[in-house]
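Asker: sequence first, then the predicted structure, then my questions.
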Amino acid sequence: MDANEILDYCLAKKGVTETFPFDNETLVMKVGTKMFLLMALEKQPLSINVKTDPEWSAELREQHPQITGAFHMNKAHWNSVMTDGLKRDLIFKLIDQSYELVFNSLTKKAKEEILNN
């Protein structure tokens, strides 16, 4: 899986924008005004940070050495995911959950604006 596939998958979701708030190499995907995915474009192998339910995070980290607590983020809620060796379906499921967790944390007004655009 490459960065373009992840980018296309994210941008197909409602209300998603891409930004570079930190530097020119770290792509941040947002729903509304909140981050749900970070991707280091220059880093190989490809790595993403996604928000994950804490219980599922613990399970994922036990099962997959490619999944660890995200650097510089709340490790209870954010995972770093090295995409090499992981199934596409799992990567997409992680992205989906991250998007849903962040979308659900938005205000009612923000959610309605996203859904009605």
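Answerer: Sure, I can see it.
Asker: rest of the way, CA atoms for contacts and neighbours
Answerer: Noted.
Asker: surely I91 and T83 touch.
Answerer: Yes - when contacts are counted by CA atoms under 8 Å, I91 is listed as touching T83 (7.2 Å).
Asker: the most centrally placed residue in the chain and N116: what is the separation?
Answerer: Of all residues in the chain, the one closest to the mean position by CA atoms, centre = their mean is L37, 2.7 Å from it. From L37 across to N116, the span is 23 Å (CA to CA, to the nearest Å).
Asker: returning to what we had before: so the residue nearest to the centre of the chain, which of the three states?
Answerer: With DSSP: H, G, I helix; E, B strand; the rest coil as the basis, L37 sits in strand.
Asker: still on that earlier bit, which one's more surrounded, I91 and T83?
Answerer: T83 (20 against 17; other CA atoms under 10 Å).
Asker: who are the contact partners of the more buried one?
Answerer: Contacts for T83 (CA atoms under 8 Å, 6 or more residues apart in numbering) come out as M1, P45, L46, S47, I48, Q66, I91.
Asker: which positions are bridged to the fifth one in the beta structure?
Answerer: Right, the one you point to is I48. On the basis of DSSP bridges, I48 is bridged to M39, V81.
Asker: sticking with E62, tell me its helix or strand.
Answerer: helix 54-63 (DSSP states H and E).
Asker: which other helices and strands does the following helix or strand past that helix contact?
Answerer: Next in sequence after helix 54-63, counting helices and strands by DSSP H and E, comes strand 67-69. For strand 67-69, the elements it packs on are helix 54-63, strand 78-82, judged by 3 or more CA pairs under 8 Å, 6 or more residues apart in numbering; DSSP states H and E.
Asker: list the buried residues in stretch 17-27.
Answerer: For stretch 17-27, burial by neighbour count (16 or more other CA atoms under 10 Å) applies to T17, E18, T26, L27.
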